[in-house]
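Trainee: Quick one, what's the 3D model for this:
(one chain, ligands or ions: 1)
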Amino acid sequence: MKGPKIRERPARSSHAPSTYIGAVGRTRVVVFSGAGVSAESGIRTFRDAGGLWEEYPIEEVATPEAWARDPERVLRFYDVRREAIIRAAPNAAHIAIAGLEAGFDVAVITQNIDDLHERAGSTTVLHLHGEIMKARSTADPTLVTMINGTSLKPGDRCVLGSQLRPHIVWFGEEVPMIPSAARIVSRADRLLIVGTSLAVHPAAGLVQLAPPHCEIVLVDPDEVHVPRTGVRHIKGSASKGVPQLADEWLSEKT
Ligand code: OAD
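Mentor: I've put the predicted structure just below:
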C-alpha cells in the first residue's frame, strides 16, 4: 500500500480533569473495552479479517490530513458508522458489564466511539477515542454538541460559525482523556480487558498502570499480548466470556 506510514499511535496526552475517584471501601472494577465488545452487536472491528481498516485506509478517513484534504469523505465515513451504531443494540457483554455495578464500583474505559455501554446501563464510561453521536467545533475543541439525526454535513456549523467535525480522536491527535483513564486504572482492584488487540497507543499502555495487586482478566477469542504477568485469558467471545466472569465475580459476594 502506498502513502504515508501510519504509526498506530493517535497521540500525545494532555491533562483533562476528572471527578471520578471511586467509592471508598468497595472493590474497584475497571473494564477496558475495544471494538470486540461491540462485534456481536453488529459493529465492525478494525483489525480482524474484514475489519474497517482493510476497506478504508486510515490515512484517507481518520487523520487531520484526511479531513483537510477531503472533509466530505471523512464525514461520509463516520455517517455510515453512526447509522450502524444507531441501529445496533447492546449485547450480553455490555449488559453484564453494566450488571457488575450491583456488586462493585465500576468504571468503563472504552476505545469505542459507540454508546452501547451507556445504553446497556453503565453509569461511568470514559471514551478515549471520542463519541460518534457528538460533533465538535473546528474553531474551539471545547465546543461539543450532540448530533441530531444520523449525519454531519459540510456547512453544519458551531455557534462560532465554524464547520463541525466528528468528536473523534484521529491518528496524530492528542488523547485528552488519557490522564483521567490512567488515574482510574492505577486504582483498580480488578481489570477486565475485553475485545481489544491492544495495538493502539497510548490507550494500550493503560493496562500497565494497574497496581501490582490487581487481578487482570482478558476476554478475547484471539491471543492478545497483555504486557503483564498472571493475566487470566478467557478465550472466547465477549457475549459468552463476560457474563461468565461477571457471574463468577458477583457470586463471590453472596
Ligand atoms: P481491533 O479491531 O484492533 O481489535 C479487536 C479485538 O476484538 C481483537 O483482539 C479481536 O480478537 C477481538 N474480538 C473480535 N470479535 C470479538 C468478540 N466477539 N468478542 C470479543 N472479542 C472479539 O479493535 P481495538 O483494539 O478496539 O481507534 O482498536 C483500538 C483502536 O484502533 C480503535 O479505538 C480505533 C482503531 O484505530 C481510533 O480510531 C483512534
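
Trainee: could you pull out the strands for the stretch 1-150 of the chain?
Mentor: Assigned by DSSP state E, counting those that start in this stretch, the stretch 1-150 of the chain shows strands spanning 28-33, 105-110, 125-127, 130-137, 144-146.

Trainee: Those strands: which one's closest to residue 169?
Mentor: Proximity to residue 169 (C-beta to C-beta) singles out strand 130-137 among the strands of the stretch 1-150 of the chain, at 5.0 Å. (Glycine included, C-beta is placed from N, CA and C.)

Trainee: returning to that earlier point: tabulate the strands of the stretch 1-150 of the chain (a markdown table), appending distance to residue 204, mean neighbour count and mean pLDDT.
Mentor: Formatted as a markdown table, the strands of the stretch 1-150 of the chain follow (distance: least, C-beta to C-beta, whole Å; neighbours: other C-beta atoms under 10 Å; pLDDT from 0 to 100):
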| stretch | distance to residue 204 | mean neighbour count | mean pLDDT |
| --- | --- | --- | --- |
| strand 28-33 | 9 | 26 | 98 |
| strand 105-110 | 12 | 26 | 98 |
| strand 125-127 | 15 | 21 | 98 |
| strand 130-137 | 17 | 21 | 97 |
| strand 144-146 | 25 | 13 | 95 |
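
Trainee: any idea how far the nearest residue to residue 161 once chain neighbours are set aside is from residue 164?
Mentor: Distances taken as C-beta to C-beta, 6 or more residues apart in numbering put residue 139 closest to residue 161, at 7.8 Å, once the chain neighbours are dropped. The gap separating residue 139 from residue 164 is 10 Å, by C-beta to C-beta, to the nearest Å.

Trainee: swap in residue 46?
Mentor: 24 Å.

Trainee: on that earlier part again, nearest to residue 56, out of the strands of the stretch 1-150 of the chain?
Mentor: Among the strands of the stretch 1-150 of the chain, strand 130-137 sits nearest to residue 56 (C-beta to C-beta), with 14.8 Å.

Trainee: shared neighbours of residue 139 and residue 164, anything?
Mentor: Here residue 139 and residue 164 have residue 158 as joint contacts, going by C-beta atoms under 8 Å, 6 or more residues apart in numbering.

Trainee: what's near enough to touch residue 26?
Mentor: 104-105.

Trainee: ok, now with 6 Å
Mentor: Listed by C-beta atoms under 6 Å, 6 or more residues apart in numbering, the contact set of residue 26 reads residue 105.

Trainee: Please tell me how far it sits from residue 115.
Mentor: 26 Å.

Trainee: and what of residue 37?
Mentor: 13 Å.

Trainee: how many other residues sit next to the residue nearest to residue 166 when sequence neighbours are not counted?
Mentor: Residue nearest to residue 166 in three dimensions, not counting chain neighbours: residue 78, with 4.5 Å by C-beta to C-beta, 6+ apart. The local packing of residue 78 (other C-beta atoms under 10 Å) involves 22 other residues.

Trainee: Could you do residue 83 as well?
Mentor: Using other C-beta under 10 Å, residue 83 is surrounded by 14 other residues.

Trainee: how near is it to the ligand?
Mentor: Relative to the ligand, residue 83 is positioned 17 Å away (criterion: C-beta to the nearest ligand atom, to the nearest Å).

Trainee: Show me which of residue 139 and residue 164 is the more surrounded one.
Mentor: Per other C-beta under 10 Å, whichever of residue 139 and residue 164 has more neighbours is residue 164, with 23 against 14.

Trainee: do you know how far that one is from the ligand?
Mentor: 18 Å.

Trainee: Please name the bridge partners of that residue.
Mentor: residue 137 (DSSP bridges).
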